[in-house]
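Asker: no FASTA, just this:
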Ligand code: NI
């Protein structure tokens, strides 16, 4: 049986309200050794920590997602820091920039992003970065910091951007997008990422890989992503699962 880590999931999403416990146990028994549940705002970060305390195989990230920056209270950094004292909190995430929808507040997003990058530095924690339609500003901010200990999640950029992210010292993870029919750009980017710098994620309940596209995703569907990576890299699925496990445990070094 393949054993792997889902490094980025959202089990706090209401799509799991009716059967969260059942799904988590099923995917764990099916080979998902660890799951890292992301934080997107304070309430969802709190839930992330709650699940991490409830399930031995679940770990948490805490943070404010760029689409959730409006209305973030003044003392949010203090709250994130308090949660990060918990050894099951392994990263600050997901944080970053998202200019996809009209009406976004770029200045506020950048401020909250940079404050959380600083917090992660102070705490010695890695970061999980979300960037959508904001490559220029995201890369400017990251480059201004020299090296960055973290992962660029749900990578959607070009092969050139992938190289720049790797140069910063970061890992890259892809979602089920790799399996979609229009995945040409993602596959070109995957081609330049060495296996030693790759991580696996579902971003569930979103981004279900083929043949489940459009359905509710869960961590068990990661096998389709593993198979795609194995095919592109010309290695076995076992090799992909093993190497990405090592990469993830090295970055999220509080997991044990
Ligand atoms: Ni996510």
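Answerer: Structure's in. What do you need? Just so it is clear, the structure is predicted and the values come from calculations on it, not from any experiment.
Asker: what are the ranges of the helices in the protein?
Answerer: 20-29, 42-54, 76-84, 106-123, 135-143, 159-167, 184-192, 222-233, 237-251 (DSSP state H).
Asker: Can you lay out those as JSON lines showing distance to residue 151?
Answerer: Using the backbone N, CA and C atoms, a C-beta is placed for each residue, glycine as well. Shown next, in JSON lines, are these (distance: least, Cβ to Cβ, whole Å):
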{"stretch": "helix 20-29", "distance to residue 151": "21"}
{"stretch": "helix 42-54", "distance to residue 151": "16"}
{"stretch": "helix 76-84", "distance to residue 151": "17"}
{"stretch": "helix 106-123", "distance to residue 151": "12"}
{"stretch": "helix 135-143", "distance to residue 151": "12"}
{"stretch": "helix 159-167", "distance to residue 151": "9"}
{"stretch": "helix 184-192", "distance to residue 151": "14"}
{"stretch": "helix 222-233", "distance to residue 151": "15"}
{"stretch": "helix 237-251", "distance to residue 151": "6"}
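Asker: for those, which one sits closest to residue 64?
Answerer: Closest to residue 64 of those, according to Cβ to Cβ: helix 106-123, at 5.5 Å.
Asker: in the closest one, what's buried?
Answerer: For helix 106-123, a neighbour-count test (16 or more other Cβ atoms under 10 Å) marks 109, 110, 112, 113, 115, 116, 117, 119, 120 as buried.
Asker: Mind giving me the packing neighbours of that helix?
Answerer: Identification of packing neighbours for helix 106-123 by 3 or more Cβ pairs under 8 Å, 6 or more residues apart in numbering; DSSP states H and E yields helix 76-84, strand 89-98, strand 127-132, helix 135-143.
Asker: Please work out which of those is packed deepest.
Answerer: By mean neighbour count, with neighbours taken as mean count of other Cβ atoms under 10 Å, strand 89-98 ranks first of the helices and strands packed on helix 106-123 at a mean of 28.
Asker: Paired strands for it, with orientation please.
Answerer: Partners of strand 89-98 in the sheet, by DSSP bridges, are strand 58-62 (parallel), strand 127-132 (parallel).
Asker: would CSV of those strands with mean pLDDT be doable?
Answerer: Listed next are the strands paired with strand 89-98 as CSV, based on pLDDT from 0 to 100:
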stretch, mean pLDDT
strand 58-62, 98
strand 127-132, 97
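Asker: Present those strands as CSV; the columns should include distance to residue 74.
Answerer: Output for these, formatted as CSV (distance: least, Cβ to Cβ, whole Å):
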stretch, distance to residue 74
strand 58-62, 17
strand 127-132, 22
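Asker: Figure out which of those strands is closest to residue 255.
Answerer: Closest among the strands paired with strand 89-98, using Cβ to Cβ: strand 58-62, at 5.6 Å.
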